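A.B. asks: Sequence and predicted structure, then a few things I'm wondering about:
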Amino acid sequence: MLELKDIRWKLPEGEEILKGINLTIPDGKLTVITGPNGGGKTSLAKIIAGLYDPADGKIILDGEDITEWDITKRAKGGIAYAFQQPVRFKGLTVRDLLEMSAECRLKEEKVCELLGEVGLCAREYMDREADASLSGGESKRIEIATVLARKNAKMLVFDEPEAGIDLWSFTNLIEAFQRLKNESGRSLLVISHQERIMEIADYIVVISDGKVKAEGSREVILPQLLSENGAAHKCPLGKSVKEEF
Amino acid sequence: MDEITSKLLGIVSDWDSSAFKGAYNIRENSGCAGRQNSENIKIENKQDNPGIVIRIGSGAQKETVYIPACVTHGGVNDLVYNDFYVEDGADVIIVAGCGVHSDDEEEARHNGIHRFFVGKNARVLYKEKHIGTGSGSGAKRIDPVTDLTMDENSYVEMDTLQISGVTSTNRLTTAKLGAGAKLVIRERLLTDNDETAKSDFSVTLDGEDSGVDLVSRSVAKGNSYQEYHSVIKGNCRCTGHSACDAILAGNGRVNATPELYAGNIDASLIHEAAIGKIAGEQIIKLRTLGLTEEEAEQKIIDGFLK
């Protein structure tokens, strides 16, 4: 279980982005954090993964205070993080990244399985460099696969996994999330605007203006989101998600 | 064979004398430590200079020849001239490589001058690794000169890697390509401490539809310095691509000066270059996979030079 206690974070220029977030991410559940752009969702995800240090507050993982843990220690402690904007590497292949994630050599079948989960044909990709020759969508799917490869991770954090991927891959992704959800003990935390992802969530948290505006079970929160008036955008399946609360 | 030579050979050429039945010539401290011919590959001493002549017959198909060289102590200044004659239609893998070792204060140096005459439709894969080892303060120098003359529709791929420990290297590669000939060069250089590396390429595309793809990747760590200079001359309908990518670490410095000359309206030439330190986000990404900062940096460098 991950507990966030009064998490505050500000930009170097001083603007406060997170204004006291209190949240509990339960074990073995899929939690979606949603809300308008600029509300602090990605900042919160980066704080959980250790990329940002909170100005105040505590992060507790399974009862242990990990606030001072650096990125590496958090990764070893079981937190996996998929970047919203994937990082490119000249020289490192897709297979290299997946093996680093898995912390072992992977058989070809395993690489196929991981890439297949994000809609990529492994034989075309496993030996390709994870560099700028890959499209944005391809990089994004490989980024997600690096997190799926982290078999020892107990908290998987995905920052807008839907961004930049096509409908077919998005469907695969939903199925992958559902499979992960069914694996015992692993928690999924997904930053997303997509109704399809919220539909498979156990718990939904709405963050706006650096604060938790609403949280609860999908059955309670999702109807509220869909019934609210406000700006909406189309998801890959043509459904819409309200952004104002 | 010297124990140090055995060790160096394992590093620079994956040499295993017990397993290999083909042609080879092992050079050790300016002398010959072993030679063997095969049915299709004959090696003989050069008459005018120190070195060997390697004649690769057209019957060689995917055949491998080993010609590594080692210097095992200081005070050796090895200069060798090797000529390769590759017959029309031959297909050969040439494993070169050089290890220079010094445990004393004297300089250990190998200077290999290789000339390749590649026949029509012949294919050559040339693999070369360089390393400097030993605890001595004497410089470990390797200064290879490679000159290629490529006939019609021939194909040469040069895969070269400087692993570590070479105090200074001065590399010169020149090539002249006939019609339809293709040259692929993959160079990787690692320098550290106060090491220096200079790599100079000059490729002349004289034959219609000839092409060169030259990619140099380098890592300059410590206080090391590297110079890269390439010239691609397109004198006809041809294609040329060169890319120079360098990673800087510590106080490493790199000076890259690519040059393209189009002497014909149908010459299509491209150059790309990028020099910079390892991107912080790359380190962070690998740290989110559980690597330490140092491990992440090493993985990025290893991958870059792979």
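C.D. replies: Cool, got the structure.

A.B. asks: Could you report the pLDDT at residue B:137?
C.D. replies: Per-residue confidence (pLDDT) for residue B:137: 91.

A.B. asks: What is the subsequent helix or strand relative to the biggest helix by length in chain A?
C.D. replies: In chain A, assigned by DSSP state H, the helix with the most residues is helix A:167-182. For helix A:167-182, the following helix or strand on the C-terminal side (DSSP states H and E) is strand A:187-191.

A.B. asks: how much does that next one deviate in direction from helix A:167-182?
C.D. replies: Relative orientation of strand A:187-191 and helix A:167-182, computed by axes from the mean of the first three to the mean of the last three Cα atoms, to 10 degrees: 150 degrees.

A.B. asks: how about whichever helix or strand comes after strand A:187-191: buried residues?
C.D. replies: Following strand A:187-191 in sequence order, the next helix or strand is helix A:195-199 (DSSP H and E). Buried residues in helix A:195-199, counted by 16 or more other Cβ atoms under 10 Å in any protein chain shown: A:195-198. Any C-beta I mention is one placed from the backbone N, CA and C, and that applies to glycine too.

A.B. asks: swap in stretch B:133-146?
C.D. replies: Buried, per 16+ other Cβ under 10 Å, within stretch B:133-146: B:133-134, B:136, B:138-146.

A.B. asks: now swap in stretch B:244-259 and tell me
C.D. replies: Residues of stretch B:244-259 classed as buried: B:244-249, B:252-254, B:256, B:258 (neighbour count, 16+ other Cβ under 10 Å).

A.B. asks: Extract the CA atoms of it and return them as CSV.
C.D. replies: The C-alpha trace of stretch B:244-259 is given here as CSV (Å, rounded to 0.1, in the frame of the first residue of the first chain):
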residue,chain,number,x,y,z
CYS,B,244,29.7,11.4,-36.1
ASP,B,245,28.2,11.0,-32.7
ALA,B,246,30.2,11.6,-29.6
ILE,B,247,29.5,11.4,-25.9
LEU,B,248,31.5,13.5,-23.5
ALA,B,249,32.2,12.6,-19.9
GLY,B,250,34.3,14.3,-17.3
ASN,B,251,36.6,16.7,-19.1
GLY,B,252,36.6,14.8,-22.4
ARG,B,253,36.8,16.9,-25.6
VAL,B,254,35.9,16.2,-29.2
ASN,B,255,36.6,18.1,-32.4
ALA,B,256,34.6,16.8,-35.3
THR,B,257,35.0,18.3,-38.8
PRO,B,258,33.1,16.5,-41.5
GLU,B,259,33.5,17.5,-45.1
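
A.B. asks: so how far is that stretch off the chain centroid?
C.D. replies: Its chain's C-alpha centre and that of stretch B:244-259 lie 18 Å apart, by Cα atoms, centre = their mean, to the nearest Å.

A.B. asks: ok, now stretch B:262-270?
C.D. replies: Chain-centre distance of stretch B:262-270: 27 Å, with Cα atoms, centre = their mean.

A.B. asks: what about that stretch, average pLDDT?
C.D. replies: 97.

A.B. asks: which residues sit in contact with residue B:110?
C.D. replies: B:69-71, B:78, B:80, B:98, B:100, B:141-143 (Cβ atoms under 8 Å, 6 or more residues apart in numbering or on different chains).

A.B. asks: Now rank these by neighbours and give me the top one.
C.D. replies: Of all the contacts of residue B:110, the highest neighbour tally under other Cβ atoms under 10 Å in any protein chain shown goes to residue B:100, namely 32 neighbours.

A.B. asks: beta partners for it?
C.D. replies: In this entry, residue B:100 is beta-bridged to residue B:71, residue B:132, by DSSP bridges.

A.B. asks: distance between the ends of stretch A:44-62?
C.D. replies: Stretch A:44-62 has its terminal residues 18 Å apart, counting by Cα to Cα, to the nearest Å.

A.B. asks: List of residues touching it?
C.D. replies: Here stretch A:44-62 makes contact (Cβ under 8 Å, 6+ apart) with A:1-10, A:18, A:20-21, A:33, A:43, A:65-67, A:69-71, A:73-75, A:77-79, A:81, A:154-155, A:157, A:159, A:189, A:191, A:207, B:284, B:288.

A.B. asks: now the residues you listed: which count as buried?
C.D. replies: By neighbour count, with 16+ other Cβ under 10 Å, the contacts of stretch A:44-62 hold A:2, A:4-5, A:7-10, A:18, A:21, A:33, A:43, A:66-67, A:69, A:71, A:74-75, A:77-79, A:81, A:154-155, A:157, A:159, A:189, A:191, A:207, B:284, B:288 as buried.

A.B. asks: so of those, which ones are in helices?
C.D. replies: A:43, A:71, A:74-75, B:284.

A.B. asks: before we move on, the earlier item: max pairwise distance over the buried residues of stretch B:133-146: which two?
C.D. replies: Farthest pair in the buried residues of stretch B:133-146 (Cβ to Cβ) is B:136 and B:146. Separation: 28.0 Å.

A.B. asks: For stretch A:62-77, give the mean pLDDT please.
C.D. replies: Computed over stretch A:62-77, the average pLDDT equals 96.

A.B. asks: What is the end-to-end distance of it?
C.D. replies: End-to-end distance for stretch A:62-77, by Cα to Cα: 10 Å.

A.B. asks: chain center to it, what's the gap?
C.D. replies: Worked out by Cα atoms, centre = their mean, stretch A:62-77 lies 17 Å from the chain centre.

A.B. asks: And for stretch B:277-288?
C.D. replies: Distance of stretch B:277-288 from its chain centroid, counting by Cα atoms, centre = their mean, is 29 Å.

A.B. asks: What residues sit buried inside that stretch?
C.D. replies: So for stretch B:277-288, counting by 16+ other Cβ under 10 Å, buried means B:278, B:282-288.

A.B. asks: near chain A, which of these show up?
C.D. replies: The residues of those that also fall near chain A, by Cβ under 8 Å from any Cβ of the partner chain, are B:282, B:284-288.

A.B. asks: Nearest the middle, which residue of chain A would you pick?
C.D. replies: residue A:158 (1.0 Å; Cα atoms, centre = their mean).

A.B. asks: just chain B next, same as before
C.D. replies: Central residue of chain B (Cα atoms, centre = their mean): residue B:160, at 3.2 Å.

A.B. asks: give the contact list for the nearest residue to residue B:193 once chain neighbours are set aside.
C.D. replies: With Cβ to Cβ, 6 or more residues apart in numbering or on different chains as the criterion, residue B:193 has its nearest non-adjacent residue at 4.4 Å, and that residue is residue B:222. By Cβ under 8 Å, 6+ apart, residue B:222 lies in contact with B:191-195, B:249-252.

A.B. asks: same check, this time on residue B:237
C.D. replies: Residue B:237 neighbours (Cβ under 8 Å, 6+ apart): B:208-209, B:264, B:266-267.

A.B. asks: what does chain A put close to chain B?
C.D. replies: Contact residues (Cβ under 8 Å from any Cβ) of chain A with chain B: A:49-51, A:70-72, A:75-76, A:80-81, A:83, A:87, A:89-93, A:96-97, A:100-101, A:103, A:146, A:150.
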